[in-house]
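> structure, please.
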Amino acid sequence: MNTFKLLTITCAMALLGACATVDDDPTQDWSGAKLYEEAKAALDRGYYQTAIEYYETLEARYPFGRYAQQAQIEGAYAYYKFNELDSAIAAADRFIKLHPLDEHADYAWYLKGLANFDRTRDYFDFLMDSNPSENDPTPMIRAFDDFAYLIRNYPDSRYVADARQRMVYLRNELAEYELHVADYYMRRGAWVAAANRGKYVVEHYEGAESMPAALGVMITAYRRLGLNDLAVDATRVLRLNFPERASELLAARD
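Take a look at the predicted model:
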């Protein structure tokens, strides 16, 4: 085969490949309305990866079109349902930054909270660790803060009731985490660190189920440190607010 024929065949194959690539994209001639319609249909049917692809294509081709803004918030939800939690949070953040006064801004905050909340599902594997203090409760804290922002700034939002319930759960889990760390320190005689963990629960997680136990930690740690006045104060708070648990906890700490 001569050089001319070889080049001709090579060029023909390249052109065919390019044409095939273009022809393989069924959305190439779709309008913004069509892309949005197909993305929403895929989302409603649970085809989240397809929905994500269509929403991303819509934003790329028609960034200033009438459907782009809706694609941003629905795309964030598609990421969440597809368990792409980092992408869901990033998309929600971008929506909030671009459209802080939009009617769906409350939902963006709620979605951020949900994504961070879902990051905590396997978090308490730290209970099996030798040193729980080395674990990072950041996802729980971020979820708690996202829900708190929603409740504080959008008190009439339809998502507030669910956010409150999740905050109660997170508050109890965060308080429990602090107590596990405090217990780790107590078993090693690090009484200052243990006292600080107990105090943190009392000051930041009011109403948590672990509040009486946190006061018990403070009492024991203060006694070990010779800080009798602080131990007496913590005992008074325990007896006043949790009389049904006081005798049990104080007996266990003696």
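
> the helices in the stretch 151-254 of the chain, which residues?
Ranges of helices in the stretch 151-254 of the chain, per DSSP state H, counting those that start in this stretch, are 160-187, 191-204, 211-225, 228-241, 243-253.

> looking at those, which one is packed in the most?
helix 211-225 (a mean of 23; mean count of other C-beta atoms under 10 Å). Every C-beta, even on glycine, is put in place using the N, C-alpha and C of the backbone.

> tabulate the CA atom coordinates of that one in CSV.
Provided in CSV are the C-alpha atoms of helix 211-225 (Å, rounded to 0.1, in the frame of the first residue of the first chain):
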residue,chain,number,x,y,z
MET,A,211,-25.7,15.6,80.7
PRO,A,212,-25.9,13.8,84.1
ALA,A,213,-22.9,11.5,83.1
ALA,A,214,-21.0,14.6,82.0
LEU,A,215,-21.5,16.2,85.4
GLY,A,216,-20.3,12.9,87.0
VAL,A,217,-17.1,13.1,85.0
MET,A,218,-16.5,16.6,86.1
ILE,A,219,-17.1,15.7,89.8
THR,A,220,-14.6,12.8,89.6
ALA,A,221,-12.0,14.8,87.7
TYR,A,222,-12.2,17.8,90.0
ARG,A,223,-11.9,15.6,93.1
ARG,A,224,-8.8,13.9,91.6
LEU,A,225,-7.3,17.3,90.9
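
> quick one: work out the angle between it and helix 191-204.
For helix 211-225 against helix 191-204, the angle by axes from the mean of the first three to the mean of the last three C-alpha atoms, to 10 degrees is 150 degrees.

> just how off-centre is helix 211-225 within its chain?
31 Å (C-alpha atoms, centre = their mean, to the nearest Å).

> tell me what it is packed against?
In terms of contacts (3 or more C-beta pairs under 8 Å, 6 or more residues apart in numbering; DSSP states H and E), helix 211-225 is packed against helix 160-187, helix 191-204, helix 228-241, helix 243-253.

> so where's the stretch 51-200 of the chain shaky on pLDDT?
Low-confidence segments of the stretch 51-200 of the chain (pLDDT under 70): 121-135.

> make it 50
126-130 (pLDDT under 50).

> possible to save the helices and strands packed on helix 211-225 as CSV with distance to Arg152?
Shown next, in CSV, are these (distance: least, C-beta to C-beta, whole Å):
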stretch, distance to Arg152
helix 160-187, 10
helix 191-204, 16
helix 228-241, 26
helix 243-253, 31
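
> wait, which of these is closest to Ala115?
Proximity to Ala115 (C-beta to C-beta) singles out helix 160-187 among those, at 12.1 Å.

> elements contacting the closest one?
helix 105-118, helix 138-153, helix 191-204, helix 211-225.

> indicate which one of those helices is closest to Val232.
Each of those has some distance to Val232 by C-beta to C-beta; the shortest is helix 211-225, at 8.6 Å.

> now do that closest one against helix 228-241, angle only.
Calculated by the same axes, to 10 degrees, helix 211-225 forms an angle of 160 degrees with helix 228-241.

> and the angle from helix 211-225 to helix 160-187?
Orientation check (the same axes, to 10 degrees): helix 211-225 against helix 160-187 gives 20 degrees.

> need the contact partners of helix 211-225.
Contacts to helix 211-225, defined as C-beta atoms under 8 Å, 6 or more residues apart in numbering, come from residues 175, 178-179, 182-183, 186, 189, 191-192, 194-195, 197-199, 201-202, 205, 208, 228, 230-231, 234-235, 237-238, 241-242, 245-246, 249-250, 252-253.
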